[in-house]
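In: need a structure here:
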Amino acid sequence: LQKMTYAATIGFFDGVHRGHRHVISRLKTLAESRGLRSLVITFSNHPMEVVRPGSVPPLLISCEEKLERLRATGVDKVVAYPFDKEMMHRPAREFMEHVLRDELGVRLLMIGYDNRFGRRDPSETFETYVRYGRELGIEVVEGPRPEASGLFEGRPVSSSLIRELIRAGREEDAKALMI
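Out: The predicted structure is shown next:
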């Protein structure tokens, strides 16, 4: 039986807002152009719960709602991992090899230019991930910049911006960015 192969992106995706949906739309286009299926990898808990307990931002939606919204984007598959100490300390190359390539069948990984995963290594850059990918048979490409999905009052749409709007009593503006 041939294993499915995927184009994937990875992130927490709190709110599954306009910016996230733009990234996912780009992922689906890339997957289709390469003859791959689309995969969104997320976490069932906020990484800050493990990285810096006590500094977890209030979540915009529950994990269940996030998964529903991610599936509603039309991607082929959504996977949610618990973010734990093992995940936090896993070297990026090892994560790419064992989780992305071997376990999930990822052949293309679209990440943000500033995205980092696994054990924090200040020497690792986007170009490092491209090199790891080349060694592992995973094409690593840069996702769209945050401002590519449009600006709200001059700022890129982000979960942090939506939280600010909610704190300021601007629920309607916040909701509009999450539709």
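In: quick one: contacts for Leu36?
Out: Thr5, Tyr6, Ala7, Leu30, Arg107, Leu108 (CB atoms under 8 Å, 6 or more residues apart in numbering). (C-beta placed from N, C-alpha, C; glycine too.)
In: Name the nearest residue to it, ignoring sequence neighbours.
Out: Of all residues not flanking Leu36 in the chain, Ala7 sits nearest, at 4.4 Å (CB to CB, 6 or more residues apart in numbering).
In: repeat for Phe95
Out: Gly118 (4.5 Å).
In: The one you found in helix, strand or coil?
Out: coil (DSSP: H, G, I helix; E, B strand; the rest coil).
In: Tell me who's in contact with it.
Out: Contacts of Gly118 by CB under 8 Å, 6+ apart are Met87, Met88, His89, Arg90, Pro91, Ala92, Arg93, Glu94, Phe95.
In: Neighbour-wise, which one of those residues leads?
Out: Arg93 (19 neighbours; other CB atoms under 10 Å).
In: quick one: it and Arg134 touch, right?
Out: No: between Arg93 and Arg134 there is no contact under CB atoms under 8 Å: 11.5 Å.
In: And His20, how far from Lys175?
Out: Noted for His20: a distance of 15 Å to Lys175, by CB to CB, to the nearest Å.
In: who has more neighbours, those two?
Out: In terms of neighbours (other CB under 10 Å), His20 is the more surrounded of His20 and Lys175; the figures are 26 against 12.
In: Next, count neighbours for Leu70.
Out: 22.
In: Then His46?
Out: Residues within reach of His46, counting by other CB under 10 Å, total 17.
In: could you dump the top helix by length along the chain to CSV, C-alpha only?
Out: The residue-count maximum for a helix in the chain (DSSP state H) belongs to helix 18-34. Presented in CSV, the C-alpha positions along helix 18-34 are these (Å, rounded to 0.1, in the frame of the first residue of the first chain):
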residue,chain,number,x,y,z
ARG,A,18,-8.1,35.5,8.0
GLY,A,19,-4.2,35.3,8.0
HIS,A,20,-4.3,31.6,8.8
ARG,A,21,-6.8,30.9,6.0
HIS,A,22,-4.6,32.8,3.6
VAL,A,23,-1.7,30.5,4.5
ILE,A,24,-3.9,27.4,4.2
SER,A,25,-5.2,28.5,0.8
ARG,A,26,-1.6,28.9,-0.4
LEU,A,27,-0.8,25.4,1.0
LYS,A,28,-3.7,23.9,-0.9
THR,A,29,-2.5,25.5,-4.2
LEU,A,30,1.1,24.3,-3.7
ALA,A,31,-0.1,20.8,-2.8
GLU,A,32,-2.3,20.6,-5.9
SER,A,33,0.5,21.9,-8.2
ARG,A,34,2.9,19.2,-6.9
